[in-house]
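Peer 1: give me the fold of what follows.
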Amino acid sequence: MEHDTSTTHSPGVAELRALYRAAEARAARLRFIIEVQNLLNAAAFETAAQEVLSRLADFAGASYARLGFPPLQGTAPKQLTVGKSTNPGHDGILFASQAGSNLRLMLIGSPGGRAMDPDDRQTLEVVAGQLADAYNLNRQAAENQALLGDLQRQRSELAALVAQLIQAQEQERQRVALDLHDGSAQLAAGLSYRLQDLAARIGEAHVLKPEIDQLAALARHSVADLRAAIADLRPPELDDLGVAAALRTRLDAIDGLEVIADLDAASDRWPTSTGIIFYRVAQEAITNVIKHAEASRLVVRLFEDGKGEAHLEVIDDGKGIGELRHPQMRGGQLGIVGMRERLALLGGRIEIEAGSSGGTHVRAAAPLAQETTSE
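Peer 2: Reported below is the predicted structural model:
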């Protein structure tokens, strides 16, 4: 019986040690890459890059390391350095990042030092890529922040322009109201008093007495209409008490309708421009109900939601919008164009639709954070 005298090759101690050292080296490189990523994630780019550059110099055995990159902000290029060249005449480039990258990484040291094997060079290339990725992310974040700042500045400027426009409109309304009060209203009131006095003096038997009484009544109605128009142009409650108080006064003056007012007192503290716009929109919607809806019931709600938006609802049980649902007719006959234009100044919106059981439902909303300047 013959025995197989051949033996299976078993690794020797030297070979096992070499394998172990190679595994340890790979693990060390991997730890180095992970540590670099953690540094870049934990700190601002320039702070982290300075520490990473120091560790790169140690890893490669370089006496001098330099990292150049375009600025995140400003115009001058940035450069970070670690150490210094110990032998300028003889030191060589141990590693340089690939051309075309935003970052320029260079490690300089003595050519006679520790030889850099392909795995070490690959590790340096990975870290250079990590630095480039971190730089690009920081640059994008800086650009986004700059764009956000520009947007916020533009919004502030727009809010200031809106406030000025609304203030100019209200000042013009106030001027017209004063002109009517001091001019046409006084003349109409004087005419009414003269006609009443004339009617009293000529006596009941005079042939012109009925006609003079009619003229006196017409003059009184004209005075009342002028005073109502003056109050609508610039209600004093809007300046003194706020939008809720001004709306409540307007609703209290309505006759012939069941009026339900749910007006949040907090709306009196809304920005001035918001209060004025919402009063004008409510004023237009209420006028439409009185003049066109033939309603018996009117509900007005004014409130702020939990998302920082102001809301207005005007609901009636009248004949509804009917054929006026078409945008062209609705804008011309119900004043929707004017309401939309006012709300657009605040970045708001308006919806007008038929109620579920008849009538019309007006909803208006606008953000409350648009005004940043004081009037």
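
Peer 1: let me see the mean pLDDT of stretch 271-282.
Peer 2: Stretch 271-282 shows a mean pLDDT of 90.

Peer 1: which residues outside it are in contact with it?
Peer 2: Applying CB atoms under 8 Å, 6 or more residues apart in numbering, the contact partners of stretch 271-282 are 162-163, 166-167, 170, 235, 238, 242-243, 246-247, 250, 267-268, 270, 300, 302, 310, 312, 314, 339, 342-343, 345-346, 348, 350, 364, 366, 368, 370-371, 375. For every residue, glycine as well, the C-beta is placed using N, CA and C.

Peer 1: now, of these, which are buried?
Peer 2: Among the contacts of stretch 271-282, those buried by neighbour count (16 or more other CB atoms under 10 Å) are 162-163, 166, 170, 235, 238, 242-243, 246-247, 250, 267-268, 270, 300, 302, 310, 312, 314, 339, 342-343, 345-346, 348, 350, 364, 366, 368, 370-371.

Peer 1: any idea which helix or strand comes after the top helix by length along the chain?
Peer 2: The residue-count maximum for a helix in the chain (DSSP state H) belongs to helix 118-182. Counting by DSSP states H and E, the next helix or strand C-terminal to helix 118-182 is helix 184-202.

Peer 1: report the angle between that next one and helix 118-182.
Peer 2: 20 degrees (axes from the mean of the first three to the mean of the last three CA atoms, to 10 degrees).

Peer 1: alpha carbons only: can I get helix 184-202 in CSV?
Peer 2: Taking C-alpha atoms only, helix 184-202 is exported to CSV below (Å, rounded to 0.1, in the frame of the first residue of the first chain):
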residue,chain,number,x,y,z
SER,A,184,-71.0,118.9,-1.3
ALA,A,185,-72.3,117.6,2.1
GLN,A,186,-72.5,121.1,3.5
LEU,A,187,-74.2,122.4,0.4
ALA,A,188,-76.8,119.6,0.4
ALA,A,189,-77.4,120.1,4.2
GLY,A,190,-77.9,123.8,3.6
LEU,A,191,-80.3,123.2,0.8
SER,A,192,-82.3,120.7,2.9
TYR,A,193,-82.6,123.3,5.8
ARG,A,194,-83.7,126.0,3.4
LEU,A,195,-86.3,123.9,1.7
GLN,A,196,-87.7,122.8,5.1
ASP,A,197,-87.8,126.4,6.2
LEU,A,198,-89.5,127.4,3.0
ALA,A,199,-92.1,124.7,3.4
ALA,A,200,-92.9,125.8,6.9
ARG,A,201,-93.3,129.5,5.9
ILE,A,202,-95.6,129.1,2.9
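
Peer 1: return the list of helices and strands in contact with it.
Peer 2: Helix 184-202 sits against helix 209-233, with contacts defined as 3 or more CB pairs under 8 Å, 6 or more residues apart in numbering; DSSP states H and E.

Peer 1: ok, residues contacting the helix it packs on?
Peer 2: Contacts of helix 209-233 (CB under 8 Å, 6+ apart): 173-174, 176-177, 180-181, 184-185, 188-189, 191-192, 195-196, 198-199, 202-203, 283.

Peer 1: quick one, which of these are buried?
Peer 2: Buried residues within the contacts of helix 209-233, defined by neighbour count using 16+ other CB under 10 Å: 173, 177, 180, 185, 188-189, 191-192, 195-196, 198-199, 283.

Peer 1: show me the two of the residues you listed that sit farthest apart.
Peer 2: Greatest spatial distance in the buried ones among the contacts of helix 209-233: 198 and 283, 37.3 Å, computed using CB to CB.

Peer 1: by mean pLDDT, which helix or strand of the chain comes out lowest?
Peer 2: When each helix and strand of the chain is scored by mean pLDDT, DSSP states H and E, helix 327-334 comes last, with a mean of 48.

Peer 1: right, and the helix or strand after that one?
Peer 2: Next helix or strand after helix 327-334 toward the C-terminus (DSSP H and E): helix 336-345.

Peer 1: roughly how far apart are residue 224 and residue 214?
Peer 2: According to CB to CB, to the nearest Å, residue 224 stands 16 Å off from residue 214.

Peer 1: repeat for residue 350
Peer 2: For residue 350 relative to residue 214 (CB to CB), the value is 42 Å.

Peer 1: can you measure across stretch 347-361, start residue to end residue?
Peer 2: One end of stretch 347-361 sits 21 Å from the other (CA to CA, to the nearest Å).

Peer 1: returning to that earlier point: in helices only, show me the buried ones among the contacts of stretch 271-282.
Peer 2: Applying DSSP H to those, the entries found in helices are 162-163, 166, 170, 238, 243, 246-247, 250, 339, 342-343, 345.

Peer 1: distance to residue 123 and pLDDT added to the residues you listed, as CSV?
Peer 2: Converted to CSV, these look like this (distance: CB to CB, whole Å; pLDDT from 0 to 100):
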residue, distance to residue 123, pLDDT
162, 58, 76
163, 60, 75
166, 64, 77
170, 70, 76
238, 72, 78
243, 67, 90
246, 73, 89
247, 72, 92
250, 77, 88
339, 67, 87
342, 65, 86
343, 61, 89
345, 60, 84
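
Peer 1: what's the neighbour count on residue 214?
Peer 2: 12 (other CB atoms under 10 Å).

Peer 1: ok, so what distance separates it from residue 336?
Peer 2: 38 Å.

Peer 1: mean confidence for the helix or strand containing residue 51?
Peer 2: Element membership of residue 51 [criterion: DSSP H and E] is helix 45-60. On average, the pLDDT along helix 45-60 is 92.

Peer 1: I appreciate the help and will end here.
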